[in-house]
Structures are given as C-alpha cells and as structure tokens.
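Q: I need the structure of the sequence given here:
(one chain, ligands or ions: 1)
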Amino acid sequence: MDIITIIILTGITNLTFALYSWQQVRNPESHLACKDWAQAHGVKAVSFFIYAIALYTFSDDLRWFANILILLGCWAEARAYNKLADAGIKLFHLVLGFMLASAIFSYMHFNSAPGPNNTMIVTASYLIAVSFLVNVFALYKLTRQHSGSVFPKVLLIVNVFIMMLCLIRGTLAIENPDYIITQALFSNQLFMFATFISALGNGIGFIGFLKERSDEKLQMRANVDYLTGIHNRQHFELLTKEKLVAREPFTLYFMDIDKFKSVNDRFGHSTGDLVLREFSKALLQIENRFNGVAGRLGGEEFGLVLPEQTPISHERILAELRSEIAAQGEQYIGEPMSFSCGACSSRDAGTVHDIMRKADVLLYKAKDALYAGEI
Ligand SMILES: Nc1nc2c(ncn2[C@@H]2O[C@H](COP(=O)(O)OP(=O)(O)OP(=O)(O)O)[C@@H](O)[C@H]2O)c(=O)[nH]1
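A: As a prediction, the model looks like this:
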C-alpha cells in the first residue's frame, strides 16, 4: 500500500472517531473532554487529508500547513486527555507548547532544503513526540484513577508506542544522512502505518472509556435514589433478595417518618428534603457499620436490612436511629421527630415481597397505634 493511501486511511479513521465523539457531546452522561477530543481528531483528520494532497502535488507550502495542523491536532488531543484525567496542566501551557512547536517547525521548514528532507523528518518527529509525552503524563494519571478499567491502559500503551516511534524515527534520521534517500520510502510507510494503528488505538481506547463511564453513570442512576444518594427501592429489593438467596438470615425494617407532611407544610419542601437527606445519611452509616442494606422506598418511607448477627442488638441500633432523627428534628424544625417501624425476619417469609409486605402491615399497625395515642 503506498504512503498516500495509508495517510488517507489514517485521516478517515480520525474523522470517523471525531464524528462519533462529537455526536456523544449531546449525551448528558458523556465527559466534557468529548468535545475537545472530537475537535482534536477532526483537526488531525483534515491535516492528514491535506498532507496527502501535499505529497501528491509535491507542494512544500501545503506540507508545511498540514504539519502545523498535525501539531495543532496533537496539542488539542493533549488538552483532551489532560481534561479527561484532570491532570492539572494549564491551557496556557498547552497553547504555549503548540506555539513554540509551530515556530520551531516553521523556522526549520523555511530554512531547509525544499521537498521532504532529513532535517524536517527529525524536526517533525521530535516536536510531535513532545505532545505525546504530555498525553502519556495525563494518561498515566488516568490509569491510576481508573485502575479497574482496561481502556486507560490501552490509551497509555498506544501513546507510549507512538511517542517512542517518533523518537526512533527522528534519531534514525539524525544518525543516517542517507536516510531520506535510502530508507525514506519504507520507513515512512512503516511510520504512517503505525500512525494509522495509533489512530485506531486512540479511538478505540477513548470511545471505549467514554462508553464504560456513561454505562457506570447510568447504572448509578438506575440504582440510587436521586435525592438522598442511598439505594432506591428497586436496588434495595435486589440486594435484599441476594441476601435471601445467599441464606444470610436478616431482619428487614420498614420505617416511615411520622407527620412528615406537616414538616413540608410548615417549613417548606426544602427543609423536608434536608430531613430526608440527613435521615438517609444516618441509615447509610448503619448500612456501612453493620453490613446492612439501606434504601429509600418512597416519599418518607425507608427500608433497612440488618444481618441477624450484629455486634450490638438491633434494638440498640434502632434506638440510636431514633435519637438521631429526634436530634435532627430539633436542629432543623425546632422539635423532635420520630419514625414508625415494622419488622419481619427472613425466617418468617419465603420471598422478599412477602417479607416487605409483612413488615409493611406491622408498620401501619404502629402508625395506627401512634394516632390512637397508644404509644
Ligand atoms: N420534601 C419532600 N417531601 C416529600 C418527598 N416525597 C414525598 N414527600 C411528602 O411526604 C409527605 C407524606 O405525607 P403523608 O403520606 O401524609 O405522611 P405523613 O405526613 O408523614 O403522615 P404519617 O406517615 O401518617 O405520619 C407528603 O406531603 C409528600 O408531599 C420528597 O422527596 N421531598
């Protein structure tokens, strides 16, 4: 395959991934870096197409322009990876990097022999390697942040590979003055092929990472109650079912905050929301301390699953929770608050729904008793 075909293929690959990433910008779950990455690869795609035309027409000016665009694409890509990893490199430094690289490249281009030549191969290779070094720095941080994901590692390997390739190519060109004449064709073909592979690797790594992250966020949304951050009803039921299937004996508590409507009516919904969030925090602490499951089942209704064996008795845990909500009531509405509770052991019913139904019946008995003034 001749070099111009490989360059065009590389351009098409960059363009395809750029369009996909650009389309993801509208996805509310996508990362902010999506837009920068799409722009960078759009610029790279254009630069490869211009480069192909430059080689075809033997135009030095077009070759210079294509190289400046390649540098711009590379530094824009560094910006995207920096944003993705929150690596802390300032935009100013990236712009400065691009300006310096363009200035050095332009100076060398206009002061060297016309046509592709040894000096320009060395200059372009080293200058591109610098921007890949920035990518490597940001991607190394990304791999540390997401050690469980394979995609940052793919991106890191691809970027180390292309950076090394640039350095080797530049060094070969320095050490061999005949490089351009004897090896250029083969070496450039190999180099462009490697650039094509790296475009593929970068695309697959980045898009794969984006998809993985947005799936994780969607999963979170599906499992977590939006207001309080604890499990929603569906996930609470699923986790409870897992305990039941694993035959881990437990008791399920159904809790309902008393007279919550009057909190909303007298102090406003934002205070009501605050109470719900604070109560959820207390439940979450219990979940973590006792390997339980806490969830918001509806408005001001909550579920708590506690393993049968806990270091302190369930009565004490519930008493702690009661004094916690009483104190929260004092703090937020100036009077103690309370909740009513119904309970059912996993030994007393066969399915999660049966357990919840039985606990619910007992909860409403407790409510009736509360209103009847019996407790
Ligand atoms: N602030 C806030 N209020 C909510 C939310 N979800 C449900 N509610 C309110 O919770 C209140 C529940 O009222 P009720 O079912 O009468 O319960 P209650 O006033 O606690 O009465 P009892 O349960 O019988 O003690 C309603 O006013 C709902 O508007 C929420 O997300 N935020």
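Q: going forward, measure contacts between C-alpha atoms and count neighbours the same way
A: Noted.
Q: in the helix or strand where I197 lies, what counts as buried?
A: Assigned by DSSP states H and E, I197 belongs to helix 184-223. Using 16 or more other Cα atoms under 10 Å as the burial criterion, the residues of helix 184-223 that qualify are 184, 188-189, 191-210, 213-214, 223.
Q: stretch 111-127 now?
A: Neighbour-count burial for stretch 111-127 flags 116-127 (criterion: 16+ other Cα under 10 Å).
Q: measure how far it is from the centre of its chain, please.
A: Offset of stretch 111-127 from its chain centre (Cα atoms, centre = their mean, to the nearest Å): 39 Å.
Q: can you start the count at 613 instead of 1 from here on
A: From this message on, residue numbering opens at 613, which makes the last subject stretch 723-739.
Q: list of residues touching that stretch?
A: 670-672, 679, 683, 713, 717, 720-721, 778-779, 781-783, 785-786, 789, 791-792 (Cα atoms under 8 Å, 6 or more residues apart in numbering).
Q: from L895, how far off is T840?
A: Look at T840 and L895: by Cα to Cα, to the nearest Å, they are 11 Å apart.
Q: sorry, slip of the keys, the one I care about is K970.
A: Taking Cα to Cα, one finds K970 at 21 Å from L895.
Q: so those two - more neighbours on which side?
A: Neighbours per residue, other Cα atoms under 10 Å: of K970 and L895, the larger number sits with L895, 22 against 19.
Q: which strand residues bridge the closest residue to the more buried one other than its chain neighbours?
A: Leaving out its chain neighbours, the residue that sits closest to L895 by Cα to Cα, 6 or more residues apart in numbering is A906, at 6.0 Å. For A906, the beta-bridge partners are L916 (DSSP bridges).
Q: residue contacts, A906?
A: Taking Cα under 8 Å, 6+ apart as the contact definition, A906 lies against 842-843, 848, 895-896, 899, 914-917.
Q: switch to 6 Å and redo it
A: 895, 899, 915-916 (Cα atoms under 6 Å, 6 or more residues apart in numbering).
Q: got a winner among these for most neighbours?
A: Result: G915 is most packed of the contacts of A906 (other Cα under 10 Å), 27 neighbours.
Q: in space, what's closest to that residue - neighbours in sequence excluded?
A: Spatial nearest neighbour of G915, chain neighbours left out: F866 (4.8 Å); criterion: Cα to Cα, 6+ apart.
Q: and that neighbour, that one's in a helix?
A: No - applying DSSP: H, G, I helix; E, B strand; the rest coil, one finds F866 to be strand, outside a helix.
Q: in this structure it contacts C953, no?
A: Yes - look at F866 against C953 with Cα atoms under 6 Å: they come within range, at 5.5 Å.
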